[in-house]
Structure formats: C-alpha cells, structure tokens
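*Asks:* Test case, fold it:
(2 chains)
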Amino acid sequence: MAADIRELNSTPTVRARNLVRGFSGRGVLNGLDIDIHKGEFVALLGRSGSGKSTLLRALATLDHGVAGSGELRMPEEISVVFQDARLLPWKRVLDNVTLGLEGDDVRGRALEALAEVELAGREAAWPYELSGGEQQRVALARSLVRAPELLLADEPFGALDALTRIRMHDLLQRLCQRHRPAVLLVTHDVDEAIKLADRVLVLEAGKLAREFPINNEQRQDQNQLHALRAALLQQMGVYVDSNKPARALATH
Amino acid sequence: MTLRTSPGDFSRSLLQSSTITNALKPRAAARRRSLRLGRAIPYGWTFGPLLLILAWSVGAAAGWIDPRSLPAPWTVISTAIDLATEGRLQENLLVSLQRVSEGFALGVLAGVLIGLVAGLSRVGEYLVDGIIQIKRAIPTLALIPLLMLYLGIGEGMKITIIALTVFIPVYINLHAYLRAIDSRYVELADTLRLRYRDFVRHIVLPGALPGLLLGLRFGVTGSWLALVVVEQINATSGIGYMINLAGSYGQINIVLVGLVLYAAMGFISDATIRFIQKRVLTWQRTFAN
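*Replies:* Model prediction:
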C-alpha cells in the first residue's frame, strides 16, 4: 500500500498529533492526527460542522485567538487558495500575483506562474475584467509562485460552474504533478475528492473517522468507483444503493 | 424600427405569406411598453437649467419680470463684463479662491493625518475619535464667535473655519473606510505573510482611497459653504463681500453675478474631484462601465 511506503521513506511535510481546537468551550477538533507527505494529494471530506474549515485554518495558522492544543509541525512555505479568488480589486493581475513576494526577478517569476495557469498576456488586466474561473486561476498562480511545500485549498472550486470546475480540476492536477507540494483539499464534493486525491479523509465530530486510499484502478473501474462513492457517502451519513450512481441522492 | 404594423402592412404581408398568421396580427405586434427608463441622452442634465434660463430670458424680454427684483440674463452678463474691466471681479474672485484653497488644503491635511492616526491604531482612535465625534455634533459655523475671540476677524479666522468644515468629512470618511477593510483581505495578507508596512501600503491604504475621495467631495462642497458665511463677517474683499456690499446698495445685478460665480466655482471644484475620482479608481467596475 502506498501509505506504508510513505511511512518508511520520509518524514511528513505536515504532522499533527492530538490536535484540539474549540470555540467557547465546544470542541470542534477533538484530538485529530494527520500526516501529509510531499507530493501527496489529500482530500478532506465531511459534513458541514464536522471541523473541516477549522482544521484548514489551524494548518494555515489563521486561527488566532482560538483555544486549542496539540502537536503541529508545519513547513515554512504554505499557500492557501480560498473559495473566493480573493484578488485585490485595486491591483492588476500581475501585482496580485507578486503581492508580498520577495527575492530575485519577482516579475519574471509571476509571469511564468501566470503562463502556467494559462493566463499569459493577461497580467495587466483588472480583476473585474476576468471571469470567475480566470480569477481563481490568478489565485492559483499567486499560490504557486511562492513554491509552497504545502498547498491548502478551501473548496476552491465551489463557486465555479460545472464546466469550469472540470477544467480547473485538470489544471490543478497538472500543476501539482509538476510542483509536487503536499496538498490538502477541503471539499464536500465526493466526486471531486475521488478524482483528484491520492487519499480521502472523512472528518467526523472533530476526528478523522476513516481514510480511503485511492488509485487509478478504482477510478477507472465503474463497479469499484460506485462502491467507493457509496462508502464515502455512507461515511458522511448519506445512504445510497451502491448499484446506482449516487450523485442524484448526494444532495444536502 | 417599431414592430407595430399598420393594417395596410398587415394585409400585404398576408398576401405574401399565408403561413405567418399569429405573429402578424396587429394586436400581437403592439409591444408591451418597456419598464426601463429609456436610453440616456448625453448632457441630458442640462435640459432643466437651460429651460429655466430660457424662461427667465423670455420673461425679461416680454417685461413680465420686474428688473428690480430679477434683472435680465444679459444685464447680469454685461454687469460681469463691467466688473471685470474695472478689475473688481478678478480681485474679489482671487481673494475668495485663495481663502478656499488654503482652508481646503489645511482641512484635508489635518483630516488625512488624524484620520490615519485613528484608522491605523486603536490607541490613536481612543485618543482622537471621541473628541472629533463631539466636535462633529457642534456645527462649525456655531464656533465663529469663539474663533473670532481667539483669532480676531482677519484671514486666520476665515481660513480656520473653512479648514474645520473640510476636516470633518475627510476625517470621518477616511477613518470609516480604513476600519472597514474587508477581513478576507486581512486573512489573505496573513497567509501571504505580508509585513505590516506592506499590508498598510498594498491593502489598507488603497482600500480606503474611495473613502478619502468621498470625503474630499463633501469637503470641497463644504468649503464653499463656509466661505459664503465667513465672507459675510467683516470681510473687506472677496465675492461674499462684493455680494453684501451690492445688496446694501440694492445693486441686484451684482448680487446675481456673485451668486453665479459661487455656483460656477462650486460646480468646477466638485467636477474636478469627480474627475480625479474617476482616474484614480479605474479599478472600480462602476466607474469603468
């Protein structure tokens, strides 16, 4: 199994042990353990309120003032992609990508990153001139140009239309294969998780309830795919007949 | 082109093609009135004022308007030319312009500096904001007697009154916008590990710029208002003085010239700020469209 090999060959990029976070006395993360290795794409599924966002914010160290404890080892370079592209409307595309970027040839690196997300030539555009998908690609470029060891993505495709989402999936997959950061993708879309991730984690009541390693064989075999999807949905409390496509029932 | 068809058209079309029936029935062709306002006409806003001037001219020419209460437009224009050849017009206008620009500059400077202090730090806000909110509750014009005691009746008092009038809206709007920076951008700055200096420079200040410009627009209008008032108090020059003096001699045509000058100056300065707004805020969709 892939996970065993990972355990042997390297220390994980992210390592959290017994992570606890709570708001006003109510525990949201209750002793959570997680490891993410370099180049590994992990998707985090869970019902709303299961603690997905809290975990992501803890890993992004955005949870100032939230009570908590636990051991957390994080890399230096972390990038976050939010559900909204979060571009500064008063800065042109290029300046959004270079925001806070340091080192040599900031401009050249930013242009390269824009080319990678297929936005070459759009560097002088204002954010409002771009479509939703293009804006999210600028946000990806802004993350990638920092060469992150860990990429945290909080439902980054949630606000996009179905066609744009498919294209963004492919783009993200290519970029991750090329740059090999550790990735944690928070999503509530089971199909998105299966399509992109090497490992799908299901969060329940602030703990990892189950872990599903995923390989290409499962993705290509219809029967295995349906079974996997049904198992994931069941883990999240949605019961479906595993012989039928689950999608129609998976609304919540 | 309208889709309304006359009966003649209707019968002709019917001859040409008998298959088209419903679409060409006169009733169906009469389109529902659009709920929109209709197309905008460039400079359409000038229609009202022009119509008013036209009515004024016609009334004056026909003798319906008593020239002692409202002289004809051409009398106002010839009076303005007379005043300009005497040199009184430019002289008074320059004095007024100087008062306004000095007061405006001082007010903006103070508003921006104190707005930044209160907008960027909690301690600054606690020290400054309460005082200004109290000051705001007192109309600046009500401070005139006090300021006359402190500063006399010279230019210093006049410019201070104008500056105070400008200061308040600049401060209020800048401070409000500095404090209203979207928390999502703060979060973004956090994840990008921006230094405080860069955070202020790239996120806080540009984000508050629309507020500053809004404050400037309120301020510039207020500055002319304050000028009118201070020029009625012991002034020996300026448009307000010219109006006052003419008023006491019953020279209503000169009063009107003064009023037109005030209107023109107020309009030009507001238009200037709006122009700057447009240029500086090109990133805003509302202005680009």
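*Asks:* separation between residue B:282 and chain A?
*Replies:* Residue B:282 is 7 Å from chain A, where distance means Cβ to the nearest Cβ, to the nearest Å. Just so you know, the C-beta spots here come from the backbone N, C-alpha and C atoms, and that holds for glycine as well.
*Asks:* Can you give the distance of the helix or strand harbouring residue B:242 from its chain's centre?
*Replies:* Using DSSP states H and E, the element containing residue B:242 is helix B:239-248. Put simply, helix B:239-248 sits 24 Å off its chain's centre (Cα atoms, centre = their mean, to the nearest Å).
*Asks:* Dead centre of chain B: give me the residue that sits there.
*Replies:* residue B:270 (4.0 Å; Cα atoms, centre = their mean).
*Asks:* which residues does it contact?
*Replies:* Neighbour list for residue B:270: B:217, B:220-221 [criterion: Cβ atoms under 8 Å, 6 or more residues apart in numbering or on different chains].
*Asks:* What of residue A:165?
*Replies:* By Cβ under 8 Å, 6+ apart, the residues touching residue A:165 are A:157, A:192.
*Asks:* Could you report the neighbour count for residue 162?
*Replies:* No chain in the question, so chain A it is. 7 (other Cβ atoms under 10 Å in any protein chain shown).
*Asks:* Wait, chain B was what I had in mind.
*Replies:* Neighbours of residue B:162 (other Cβ under 10 Å): 29.
*Asks:* Does it belong to a helix, a strand or coil?
*Replies:* Using DSSP: H, G, I helix; E, B strand; the rest coil, the structure places residue B:162 in helix.
*Asks:* in what helix or strand does residue A:203 lie?
*Replies:* Per DSSP H and E: strand A:199-204 holds residue A:203.
*Asks:* circling back to that earlier point, now do the helix holding residue B:242: which elements does it pack against?
*Replies:* Contacts defined by 3 or more Cβ pairs under 8 Å, 6 or more residues apart in numbering or on different chains; DSSP states H and E place helix B:239-248 against helix B:88-120, helix B:205-230, helix B:252-280.
*Asks:* State the distance from residue B:107 to residue A:191.
*Replies:* Residue B:107 is 60 Å from residue A:191, where distance means Cβ to Cβ, to the nearest Å.
*Asks:* Just give the number of residues close to residue 54.
*Replies:* No chain specified, so I'll use chain A. 23.
*Asks:* right idea, wrong chain: chain B
*Replies:* 11.
*Asks:* Am I right that it is in a strand?
*Replies:* No: assessed with three-state DSSP, residue B:54 is helix; it does not lie in a strand.
*Asks:* what's the distance between it and residue B:72?
*Replies:* Counting by Cβ to Cβ - residue B:54 and residue B:72 are separated by 12 Å.
*Asks:* one step back: what would the helices and strands packed on helix B:239-248 look like in CSV with mean pLDDT?
*Replies:* Below are the helices and strands packed on helix B:239-248 laid out as CSV (pLDDT from 0 to 100):
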stretch, mean pLDDT
helix B:88-120, 96
helix B:205-230, 94
helix B:252-280, 92
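*Asks:* For residue B:247, see how far away residue A:110 is.
*Replies:* From residue A:110 to residue B:247 the distance is 65 Å (Cβ to Cβ).
*Asks:* With neighbour numbers in mind, choose between those two.
*Replies:* It is residue A:110, of residue A:110 and residue B:247, that has more neighbours when counted by other Cβ under 10 Å, with 23 against 14.
*Asks:* How about that one, nearest residue that isn't a chain neighbour?
*Replies:* Once flanking residues are discounted, residue A:110 sits nearest to residue A:97: 4.2 Å by Cβ to Cβ, 6 or more residues apart in numbering or on different chains.
*Asks:* wait, isn't that neighbour in contact with residue A:141?
*Replies:* Yes: using Cβ atoms under 8 Å, residue A:97 is in contact with residue A:141, at 5.1 Å.
*Asks:* Pull the contacting residues for the closest residue in space to residue B:242 that isn't next to it in sequence.
*Replies:* In this structure, residue B:242 finds its nearest non-sequential neighbour in residue B:92, 4.7 Å apart by Cβ to Cβ, 6+ apart. Neighbour list for residue B:92: B:237-239, B:241-242 [criterion: Cβ under 8 Å, 6+ apart].
*Asks:* again, but for residue B:222
*Replies:* Contacts for residue B:222 (Cβ under 8 Å, 6+ apart) come out as B:165-166, B:168-169.
*Asks:* ok so, going back, reformat the contacts of residue B:92 as TSV; add pLDDT and neighbour count.
*Replies:* Formatted as TSV, those follow (pLDDT from 0 to 100; neighbours: other Cβ atoms under 10 Å in any protein chain shown):
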residue	pLDDT	neighbour count
B:237	92	17
B:238	93	26
B:239	93	26
B:241	93	19
B:242	93	26
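*Asks:* Which two among those residues are spaced furthest apart?
*Replies:* B:237 and B:239 (9.1 Å; Cβ to Cβ).
*Asks:* Now do the nearest residue to residue B:266 once chain neighbours are set aside against residue B:104, distance only.
*Replies:* Take residue B:266 and drop its neighbours on the chain: the residue closest to it by Cβ to Cβ, 6+ apart is residue B:224, 4.6 Å away. In this view, residue B:224 and residue B:104 are 9 Å apart by Cβ to Cβ.
*Asks:* So for those two, which residue has more residues nearby?
*Replies:* When residue B:224 and residue B:104 are compared on other Cβ under 10 Å, the one with more neighbours turns out to be residue B:104, at 26 against 21.
*Asks:* how about the more buried one, what does it touch?
*Replies:* With Cβ under 8 Å, 6+ apart, residue B:104 has these contacts: B:162-163, B:166, B:219-220, B:223.
*Asks:* how about these in CSV, adding distance to residue A:36?
*Replies:* Output for those, formatted as CSV (distance: Cβ to Cβ, whole Å):
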residue, distance to residue A:36
B:162, 63
B:163, 59
B:166, 56
B:219, 54
B:220, 57
B:223, 60
